[in-house]
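J.: Sharing a model prediction with you, sequence too.
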Amino acid sequence: MAVLVELAGYCVRCGKQVFCTDGFINGVTQADGNVLCFDCDGEESTQERSG
């Protein structure tokens, strides 16, 4: 069985490519439509907790 991998966009914070694998985005789509990679989304969550 083939796995479908497509470029979904680029992280608005670090510019890393974010892919969609078999219909699931490997990142986070924000309310404004921008995409964050999981690394940058994790940093944002950590900052919210500490600040």
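T.: Looks like it arrived, so ask away.
J.: which ones are touching L4?
T.: When contacts are counted by C-beta atoms under 8 Å, 6 or more residues apart in numbering, L4 touches 21-23. Yep, even glycine has a C-beta here, placed from its N, CA and C like the rest.
J.: Give the buried residues for stretch 5-24.
T.: Going by neighbour count (16 or more other C-beta atoms under 10 Å), the buried part of stretch 5-24 is 8-9, 11, 18.
J.: In CSV: those residues, plus pLDDT, secondary structure and distance to N34.
T.: Formatted as CSV, those follow (pLDDT from 0 to 100; DSSP: H, G, I helix; E, B strand; the rest coil; distance: C-beta to C-beta, whole Å):
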residue, pLDDT, secondary structure, distance to N34
A8, 93, strand, 11
G9, 95, strand, 8
C11, 97, coil, 9
V18, 97, strand, 10
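J.: of all these, which comes closest to C37?
T.: Compare each of those with C37 using C-beta to C-beta and the shortest gap goes to C11, at 4.1 Å.
J.: where does this protein have its least confident helix or strand?
T.: helix 38-50 (a mean of 77; mean pLDDT, DSSP states H and E).
J.: For the nearest residue to V3 once chain neighbours are set aside, which residues are in contact?
T.: Taking C-beta to C-beta, 6 or more residues apart in numbering as the measure, V3 lies nearest to D22, with 5.9 Å between them; neighbours along the chain are not counted. With contacts defined as C-beta under 8 Å, 6+ apart, D22 is in contact with 3-5.
J.: Dig out what the closest residue to F38 other than its chain neighbours forms beta bridges with.
T.: Of all residues not flanking F38 in the chain, G27 sits nearest, at 5.9 Å (C-beta to C-beta, 6+ apart). Residues in a beta bridge with G27, per DSSP bridges, are C37.
J.: For burial, what's the neighbour tally of G27?
T.: Applying the criterion other C-beta atoms under 10 Å, we find 21 residues in the vicinity of G27.
J.: got a list of what Y10 touches?
T.: Contacts here follow C-beta under 8 Å, 6+ apart; on that basis Y10 touches 16-18, 35.
J.: try 10 Å this time
T.: Contacts here follow C-beta atoms under 10 Å, 6 or more residues apart in numbering; on that basis Y10 touches 16-18, 27, 34-35, 37.
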